[in-house]
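S.K.: Quick one: sequence plus predicted model below, questions after.
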Amino acid sequence: MALTKGFKETVQARAKRDPEFRRGLLTEALDCFLSGELDEGKLLLRDYINATVGFEELGRMTDKTPKSLMRMLSVGGNPRADNLFAIIGCLQAKEGVHLSVMAE
């Protein structure tokens, strides 16, 4: 489902002022990947990127074109593990967090 402009602006505004919200978006995306919900994880990661650094800056950080990054994180995209982990690593560094996995 496509997001409306109003919804995107609301998410971006909240992400700009609320670091906990930003970390929650990033964490939720990674939780989806770990749970096998790859399409949902890619879409949440796209939302996080759009609300925070943007694809232009992420492209500079990863040395990938913004268009390639957007394609990787689309529903039909199929990012290689090295590309996905490079993206996640850059986003963690930019956000100033280190996410880890714990067994329950």
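M.R.: Sure, I can see it.
S.K.: can you give me the helices in this structure?
M.R.: 5-17, 19-34, 38-51, 54-62, 66-72, 81-95 (DSSP state H).
S.K.: for the protein, which residue is closest to the average position?
M.R.: Taking C-alpha atoms, centre = their mean as the criterion, residue 45 is the residue nearest the geometric centre of the chain, at 2.4 Å.
S.K.: I'd like to know how far the closest residue to residue 45 other than its chain neighbours sits from residue 95.
M.R.: In space, residue 45 comes closest to residue 29 once its chain neighbours are excluded; the distance is 4.2 Å by C-beta to C-beta, 6 or more residues apart in numbering. For every residue, glycine as well, the C-beta is placed using N, CA and C. Plainly put, residue 29 is 12 Å away from residue 95 if you go by C-beta to C-beta, to the nearest Å.
S.K.: out of those two, which sits in the more crowded spot?
M.R.: Comparing residue 29 with residue 95 by neighbour count (other C-beta atoms under 10 Å), the higher total belongs to residue 29, at 24 against 17.
S.K.: Quick one: residues contacting the more buried one.
M.R.: Residues near residue 29 by C-beta atoms under 8 Å, 6 or more residues apart in numbering: 41, 42, 44, 45, 47, 48.
S.K.: Give me the neighbour count for residue 102.
M.R.: A total of 4 residues lie near residue 102 under the criterion other C-beta under 10 Å.
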